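In: Model the following, please.
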Amino acid sequence: MTGRIHIRILIIDDEVMSGFGRTGKWFAIEHHEVSPDILCFAKGITSGYAPLGGIIVSEKIANHFDDVPLPLGLTLSAQAVSCAAAIAVLDIYEEEGLIENAAKMGKYLDERMEDLKQKHPSIGDFRNTGLLGCIELVKNRETKEPLTPWNAKPEEMEATNKMAARIRELGMFTFVRWNWIFTAPPLCINEDEMEEGIEILSKTIEIADSYYKD
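Out: Predicted coordinates:
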């Protein structure tokens, strides 16, 4: 005799980096039409102006603790200044339409990156959702050999170090690691500011082009 086994998988969604408009929606998981059981957040809730993090849980999980104690606490739990900052930031997201702007400018960035691909052969790929993306740099588009190997040793970081230095010299602060340049501009960015950033990226990627192998 055989029976059917039902397995419930608890879905925990980490939105610490991708939440609060970064991907053009309040939370990145909305792009995939999935409802998590637990959603973790931080950073964006206060726009980084004050430390604050938390979780959102499903009604079923919340109801479980109506009759079951949940002993927990931290030194700064419900810290008043951070909570006040969060309320102010949430108001600004809505009043200034920053979530919608992130979606709009994300599409603009996607279009402009297609132009950069035509100009720079070392751009192997650009992956992006809203205003959270990554430029992947390669030595050859056919082989996809990375400009700098993953987990590279110091002596293999020449190209990456040059790019990191160039991008800082030109006035941009972003994460440059191995063969990746990450793109995560402010949610309030406009087209003129985006063009300024794209020009900096283009001048930086010229370094990667010099390592390209046909």
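
In: contacting residues around the residue nearest to Thr23 when sequence neighbours are not counted?
Out: Distance criterion Cβ to Cβ, 6 or more residues apart in numbering; nearest residue to Thr23, sequence neighbours excluded, is Gly130 at 3.7 Å. Backbone N, C-alpha and C define where each C-beta goes, glycine included. With contact taken as Cβ atoms under 8 Å, 6 or more residues apart in numbering, Gly130 is in contact with Gly21, Arg22, Thr23, Gly24, Lys25, Ala102, Ala103, Gly106.

In: okay if I get the residues you listed as JSON lines plus pLDDT?
Out: Below are these laid out as JSON lines (pLDDT from 0 to 100):
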{"residue": "Gly21", "pLDDT": "96"}
{"residue": "Arg22", "pLDDT": "97"}
{"residue": "Thr23", "pLDDT": "97"}
{"residue": "Gly24", "pLDDT": "97"}
{"residue": "Lys25", "pLDDT": "97"}
{"residue": "Ala102", "pLDDT": "98"}
{"residue": "Ala103", "pLDDT": "98"}
{"residue": "Gly106", "pLDDT": "98"}
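
In: biggest helix in this structure by residues?
Out: Secondary structure of the chain read by DSSP state H shows that its longest helix is helix 98-119.

In: Okay, angle between whatever helix or strand comes next after that helix and helix 98-119 too, please.
Out: Downstream of helix 98-119, the next assigned helix or strand under DSSP states H and E is strand 123-129. Counting by axes from the mean of the first three to the mean of the last three Cα atoms, to 10 degrees, strand 123-129 lies at 170 degrees to helix 98-119.

In: Report the buried residues of strand 123-129.
Out: Ile123, Gly124, Phe126, Asn128, Thr129 (16 or more other Cβ atoms under 10 Å).

In: Can you report phi and psi for the closest residue to Phe182 other than its chain neighbours?
Out: In this structure, Phe182 finds its nearest non-sequential neighbour in Phe175, 4.2 Å apart by Cβ to Cβ, 6+ apart. The phi and psi values for Phe175, taken as degrees, to the nearest 10, are phi -90, psi 120.
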